[in-house]
Structures are given as C-alpha cells and as structure tokens.
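> Structure, please.
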Amino acid sequence: MLSSSNSDESPTWQPDARDFNDGPLGTAIGGAQYDEFPMNPMDAYPTGMEDEEVLEQMREERQISNDLWQSTLFRDQQCGEWIGSYELFELKRSETGDLSIGCTDRGGCQATMESGEFSMKGVSISTKESYNSQIGPKEAALLPSKLSKLLLQPTKSVFQPAEFRTQEGNTIVGNTFTWGRVDPVYSGRGDEKWDPLDIIEASSDYPPDIYVAELGIKDGAVRTRVRFAFSKLDESGPALTQAERESGEYAMQLLGFVIVREAGKDTSPPEMQPLLDPRAGPGIYDPQMEGEPYVQLNMPGRLSLLFPRGLPLNGRSVMTIEFEGDTMRYQADRKIVNLSGAIRTLELTEIRPTDVENYPPPFVEVGLLK
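Down below sits the predicted model:
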C-alpha cells in the first residue's frame, strides 16, 4: 500500500491521488505542491500573449492536470498483483445460420500492474499477464490462434500519463476503467485540429484491422475484466449474417471476448465469493442500446454483458459490463462514435441491489443518453 504521509526518511514517497487532488493549496499534499502548470487565473502569463493563446495554454494545463489525476487514480485503485481465472469465448455460426457463443478455452491467470516513478505529469502504468490453459494439447491446437493472441495478452503493456485520455481510448472513473487499442493507429490523430468525435473517412488503411476494447470493475479485493476483439469485415467472420455484411452498415465484426475474474493477493475466501458465485449476472440495469446487432449475456460470477456483433466506421456504439458485488451493482459503459480508437465517454452507474426495483433508470431523451 502507498502511504499518504511524508517524511525525510521516505524519499520515494508518492502522494495518493485523493491527497493531492483534495488537499489545500500550498500544503504538503496540496494541489499547488504537484501542479507544474498553475491554474490560478491571476498567474502571470508571458506579456504580449493574445487571449486565444492564453486560453490554449490554460487548456493544456487542465489536460496535464487531468493526466496527473487519471494516472495516479489508476495506480491507487487498480495496481498490484492479481490472481484468478479466465474464460475465452468465440462466436460460431452453424450451417443453418444460427449464431452461437461458446467457451473455447479456460484456465488460471496472473496479472501484475505497476506504476512508474511519480512526476508532476503523473505516472506510467505497466501491465504483465500470464495465462495457463486447462485444456489438453489436442484441444489447444484447435483454438483460434488469432483470437488467443489478441485477447490473452495485455491490451497494451505500458500506458504513459498522457494516454489516460478519452481521445486515446483510455480512462478511469471511480472503481472502473477502460482501455483500447486499434491497429493500425488512425492517421488523423497526428493532426492538431483533429476532433476525436468527428466523422472519419474510410481509406486504404482504415477501418483498422483490429480493435480491442477492455472494461474492468473492481469491488473491494476482487475485480472482473472483459476484453472484446473486433476485426475488419470479411466473408469468413461468423458474427454478422451475409445480409448484414452487405448492408454497408458495418465496418468491423466481433471475433470474441475473454472474461477475467481475479483477486488481489491474500484475499480471503469470503471476499472472493462474488467471483465464485454460480448465479448468473442480474442483467443490465440501464441498457444504453437495444435491438440488433446487440447481444446481452448473463454469466456466472454475477456478471452481465451487453455488446454489438458489429461496429460501424462512424456511429454510436457501446460495450457494457455489469458486476454485482456484495453491496452494490456497478454498470460500466464504454461509448464510442467512430473507430478512431477514441471514446466519447466511460460512464459508471452504481446502485444497491435492493434498490433496483424501487429506483428504475430515469427517463432521459435517447439522444442525450447515448
């Protein structure tokens, strides 16, 4: 555990995110102590700067401050050594055209998430994962190697502080987070005028060949993560029907997903109960999409999923996981509007299981909700 108390004998001390965010300015843990880019409007900017230049510098300062908060919050909430199990799911379509989703691999896994040295711009996060399949060698030889290579490895091995941004596809909200990876990277990201919510144009290298999206929810000493993999549209993919592929509506199709259920070291059996509970997930409390091409699954371990079988190049899409702990239900929604790799938002909904019937989701105009 990281300590929130400083001393001369502890030169490697790092502040908790909540400490430097909430502490009074100018104190040992106050925001001014760790803010390389002061945001006081009365600060002296270089003389002769135009108003727009001052505003642009203030925007950059706010972005750096957010990088600091996001990366250290991830460090405080999610870093550590995790041990658990995984299940790999693949989509298949029968000769009669029926779609099925089956578990093709399962086993034990370990994950280590570590933070780099603290700086005034935040901390880097490195991730290592290992997977040990329980199936035999003959069965393993039949596994879809592409799916295993995409999903049985970290979404990315190292995240720099500046990558904890919605335009990069990575962010953390409370006890939930989302990461993403596209390959190849969208070329428009290098344009200073690029708006991650703008429509993107199809090209020879876009849509991407691969789109990987991960969502995680931590509750106390346990955590559930789900990683989805999509590939560029082709005739061999089973996720979409021929009519759907030819409709022009979709640019990518779902290959499969992996569910990782894990606990921190020295977690007690009672604390692990939500992960081991054979009961299926409770469903999605406040679904943000419905109808085709969306699929909802209620899985053991109190987990529910909502995801699309296909993604458009431009247009609203969402991937949702919901996990029920001992006292709360958590719904995490990764919302996107194009395949640049950026996200529109990560939304977290929390509610007590006993309150679900008494407090149904509020009515909000669909355009605002999505």
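
> use CA for all of it now, contacts and neighbours both
OK.

> List the buried residues in stretch 349-361.
Neighbour counts over stretch 349-361 (16 or more other CA atoms under 10 Å) mark Pro353 as buried.

> I'd say Thr104 and Phe89 touch.
Yes - using CA atoms under 8 Å, Thr104 and Phe89 qualify as a contacting pair, with a distance of 5.8 Å.

> So for these two, which sits in the more crowded spot?
Between Thr104 and Phe89, Phe89 has the larger neighbour count (other CA atoms under 10 Å), namely 20 against 17.

> residues contacting that one?
101-105, 256-258 (CA atoms under 8 Å, 6 or more residues apart in numbering).

> Quick check, pLDDT for the nearest residue to it once chain neighbours are set aside.
Nearest non-adjacent residue to Phe89, counting by CA to CA, 6 or more residues apart in numbering: Cys103, 4.4 Å away. Predicted confidence (pLDDT) for Cys103: 92.

> what helices or strands is the host helix or strand of Cys103 leaning on?
Assignment of secondary structure by DSSP states H and E places Cys103 within strand 99-115. On a contact count with 3 or more CA pairs under 8 Å, 6 or more residues apart in numbering; DSSP states H and E, strand 99-115 meets helix 51-78, strand 80-93, strand 125-133.

> Swap in 10 Å and give it another go.
Judged by 3 or more CA pairs under 10 Å, 6 or more residues apart in numbering; DSSP states H and E, strand 99-115 is in contact with helix 51-78, strand 80-93, strand 125-133, helix 137-141, strand 158-159, strand 252-264.

> Return the most buried member of those.
Across the helices and strands packed on strand 99-115, the average number of neighbours (mean count of other CA atoms under 10 Å) peaks for strand 252-264, which reaches a mean of 24.

> Rounded mean pLDDT for it, please.
For strand 252-264, the per-residue pLDDT averages 97.

> Can you tell me the strand partners of that strand and which way each runs?
Sheet pairing of strand 252-264 (DSSP bridges) gives strand 80-93 (antiparallel), strand 222-232 (antiparallel), strand 310-311 (antiparallel).

> in the following helix or strand past the last one, what counts as buried?
In this case it means strand 310-311. Sequence-wise, the next helix or strand downstream of strand 310-311 (DSSP H and E) is strand 314-324. Applying a neighbour-count criterion of 16+ other CA under 10 Å, one finds 314, 317-324 buried in strand 314-324.

> picking that back up, what comes up buried for the strand holding Cys103?
104-106, 108-115.

> Between the residues you listed, which sits nearest Met58?
Ser115 (27.4 Å; CA to CA).

> Show the pLDDT at that closest one.
95.

> can you check Arg59 too?
Per-residue confidence at Arg59 stands at 78 (pLDDT).

> how close does it sit to Asp191?
17 Å (CA to CA, to the nearest Å).

> Kindly state the beta-bridge partners for the residue nearest in space to the middle of the chain.
By CA atoms, centre = their mean, the chain has its centre lying nearest to Thr178, at 1.1 Å. Going by DSSP bridges, Thr178 is paired in beta bridges with Thr171, Leu215.

> mind checking how far it is from Glu163?
From Thr178 across to Glu163, the span is 12 Å (CA to CA).

> Okay, now the sheet partners of the strand holding Cys103, with direction.
strand 80-93 (antiparallel), strand 125-133 (antiparallel).

> what is the orientation angle of it with helix 51-78?
Between strand 99-115 and helix 51-78, the angle comes out at 100 degrees (axes from the mean of the first three to the mean of the last three CA atoms, to 10 degrees).

> Can I get strand 99-115 as CSV, trimmed to CA atoms?
Output of strand 99-115 as CSV, limited to C-alpha atoms (Å, rounded to 0.1, in the frame of the first residue of the first chain):
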residue,chain,number,x,y,z
LEU,A,99,-25.2,-18.0,-34.1
SER,A,100,-23.7,-19.5,-31.0
ILE,A,101,-21.2,-18.2,-28.5
GLY,A,102,-19.1,-20.9,-26.7
CYS,A,103,-16.2,-21.1,-24.3
THR,A,104,-13.2,-22.5,-26.2
ASP,A,105,-10.5,-22.1,-23.6
ARG,A,106,-10.3,-21.6,-19.8
GLY,A,107,-7.6,-21.7,-17.1
GLY,A,108,-5.7,-19.8,-14.5
CYS,A,109,-4.1,-16.4,-14.9
GLN,A,110,-2.0,-13.8,-13.2
ALA,A,111,-1.7,-10.1,-13.8
THR,A,112,0.8,-7.5,-12.4
MET,A,113,0.1,-3.8,-12.8
GLU,A,114,2.8,-1.5,-11.6
SER,A,115,3.3,2.3,-11.7
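
> quick revisit: in contact with the residue nearest to Phe89: list those residues for me.
Cys103 makes contacts with 87-91, 256-258, as judged by CA atoms under 10 Å, 6 or more residues apart in numbering.
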